[in-house]
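>>> My questions are about this predicted structure, shown below with the sequence.
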Amino acid sequence: MLHILVADDHGIVRSGLRMLIERQDGMSVVAEAEDGVEALSLAQSVRPDVAVLDVSMPKMTGLQAAREIGAHCPGTSILLLSMHDDERYVFEALKVGAAGYVLKRAADTDLIDAIRAVARGEQFLSPSSESVLVKEWLADGAEQPRDLLTPRELDVVKLIAEAHTNKQIAEILHVSEKTVESHRANVLAKLGMRDRVELVRYAIRRGLIEP
């Protein structure tokens, strides 16, 4: 039996995914999360075989959650579900260690095959995501440009852009307020920015939040 975690911030989407998955023999949804932070916590608790994560979620994106789940739950295969048919998101998914990337509009035909594939230790990309560029990158291991911000700094940028206070960010990330203030100062210095408004624009461009 494959134990599966489903994370999406829309309840109706989670219900649809659960119905689709549980119609299959040998598959069971053992946990549901409505944001990336909850997905990470549940993954650490229930240790699912596969985590199906929406790319765009509050508090922590699916990409950020994938990175953290991969670090804390190495036995969990990660499948990202996205409405974005964009090479940038596919590259980011592969960089954070996701084994699969499925477009939401193709979930009814691709999701089950994708879950089975990543559970076997294989990679799965929705056919429309398998551009020549992605295939070449997978084949020769070419690296993408180095990110200016660290993963933790990107976590902080997302939460700032979502209008969380330093205290709230500290609680979500389990760090001190002083650490949050330090990350915020480092981000502004690295990006040459002055305030939250500019950080929000950056977060939208990076796909950390939706406009």
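Yes, it's here.
>>> When you work out contacts or count neighbours from here on, use the C-alpha atoms and nothing else.
Will do.
>>> Next one: Thr179 relative to Val156, how far apart?
Distance, Thr179 to Val156, using C-alpha to C-alpha, to the nearest Å: 10 Å.
>>> Same check on Ala107?
On the measure of C-alpha to C-alpha, Ala107 and Val156 end up 31 Å apart.
>>> Neighbour count: those two, which is higher?
The residue with more neighbours, out of Ala107 and Val156, is Val156; 25 against 17, by other C-alpha atoms under 10 Å.
>>> show me the residues around that one that make contact.
Val156 makes contacts with Ile169, Val180, His183, Arg184, as judged by C-alpha atoms under 8 Å, 6 or more residues apart in numbering.
>>> Find the centremost residue of this structure, please.
Nearest to the geometric centre of the chain sits Gly62, at 1.7 Å (C-alpha atoms, centre = their mean).
>>> And the pLDDT for that one?
Gly62 is assigned 88 on the pLDDT scale.
>>> so it makes contact with Ile69?
No: assessed by C-alpha atoms under 8 Å, Gly62 is found out of contact with Ile69, at 10.0 Å.
>>> Past the lowest-mean-pLDDT helix or strand in the chain, which element shows up next along the chain?
When each helix and strand of the chain is scored by mean pLDDT, DSSP states H and E, helix 132-140 comes last, with a mean of 51. Downstream of helix 132-140, the next assigned helix or strand under DSSP states H and E is helix 151-161.
>>> how about the strands of this structure, start to end?
2-7, 27-33, 50-54, 77-82, 100-103, 124-125 (DSSP state E).
>>> Now render those as TSV, adding mean pLDDT, distance to His164 and mean neighbour count.
Shown next, in TSV, are the strands of the chain (pLDDT from 0 to 100; distance: least, C-alpha to C-alpha, whole Å; neighbours: other C-alpha atoms under 10 Å):
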stretch	mean pLDDT	distance to His164	mean neighbour count
strand 2-7	96	21	24
strand 27-33	95	20	19
strand 50-54	95	21	28
strand 77-82	91	24	28
strand 100-103	88	29	26
strand 124-125	83	34	20
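>>> Pipe these into JSON lines and attach distance to His174 per row.
As requested, those are exported to JSON lines (distance: least, C-alpha to C-alpha, whole Å):
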{"stretch": "strand 2-7", "distance to His174": "21"}
{"stretch": "strand 27-33", "distance to His174": "19"}
{"stretch": "strand 50-54", "distance to His174": "22"}
{"stretch": "strand 77-82", "distance to His174": "23"}
{"stretch": "strand 100-103", "distance to His174": "29"}
{"stretch": "strand 124-125", "distance to His174": "33"}
